[in-house]
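Participant: predicted model follows, preceded by the sequence.
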Amino acid sequence: MLPELTLVIGGAASGKSTFAESLVVQSGQNRVYLATAQAFDEEMQAKVARHRQMRGDGWQTIEAPLDPGSALHDIAADQVVLLDCATMWLSNHLLAESDLEQARDTLLAGLAGCPAPVIVVSNEVGLSVVPENPLARRFREAQGRLNQTLAARAGLVVNVVAGLPQVLKGHLP
């Protein structure tokens, strides 16, 4: 059985979304994909289409690039939610010049109030070099703090490297 909150973290193209999707499918519950990506160009549109095709049928998709926290209020207890991903959500807010603290608080409140298990996918950004520009450094710091907060609240934290899951906290269902 999945805990109320699961964090699946890893580097870019590490297999974290595929692993998170497998957790959702294995739960046997009604599947909700809470999408945070914004497809502004052809490359991103193709990526979104490819991910949708790979997931297959049986998913309810909710587009919530800026406010997945509010979308979580409409989730039923017999569902399981995959929020993919916290990194895109944070990027959306940074580019929109949002109040990051308020946005984070809304997200965390939505996660805490959701009656269904939620799996959050996020990128680990702390393993690379210090970025050269202020926006990238601000992003890295904000993402690191968000990941730490999510990990502290999660009952299960899994790091995915090269498609291989490593449990950092909790136990796989």
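Facilitator: Right, received. Where do you want to start?
Participant: tell me the backbone dihedrals of the residue located most distally from the centre of the chain, please.
Facilitator: Seen from the C-alpha centroid of the chain, the residue lying at the greatest distance (CA atoms, centre = their mean) is Glu132, 25.8 Å away. Main-chain torsions, Glu132, degrees, to the nearest 10: phi -80, psi -20.
Participant: quick check: it vs Gly155, distance?
Facilitator: Using CB to CB, to the nearest Å, we find Glu132 at a distance of 37 Å from Gly155. Heads up, the C-betas are built off the backbone N, CA and C, glycines and all.
Participant: with Ile9 instead?
Facilitator: 14 Å.
Participant: next secondary structure element downstream of the longest helix along the chain?
Facilitator: Taking DSSP state H as the criterion, the chain has its longest helix at helix 134-153. Where DSSP states H and E defines the elements, the next helix or strand beyond helix 134-153 is strand 156-161.
Participant: what angle sits between that following strand and helix 134-153?
Facilitator: 130 degrees (axes from the mean of the first three to the mean of the last three CA atoms, to 10 degrees).
Participant: average pLDDT across the following helix or strand past strand 156-161?
Facilitator: Next in sequence after strand 156-161, counting helices and strands by DSSP H and E, comes strand 164-169. For strand 164-169, the mean pLDDT works out to 98.
Participant: for strand 164-169, list the C-alpha coordinates in PDB.
Facilitator: C-alpha atoms of strand 164-169 as PDB (Å, rounded to 0.1, in the frame of the first residue of the first chain):
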ATOM      1  CA  LEU A 164      17.100   1.400 -10.900                       C
ATOM      2  CA  PRO A 165      15.200   2.400  -7.800                       C
ATOM      3  CA  GLN A 166      17.000   3.000  -4.500                       C
ATOM      4  CA  VAL A 167      14.800   3.300  -1.500                       C
ATOM      5  CA  LEU A 168      16.000   6.200   0.700                       C
ATOM      6  CA  LYS A 169      13.100   6.200   3.100                       C
END
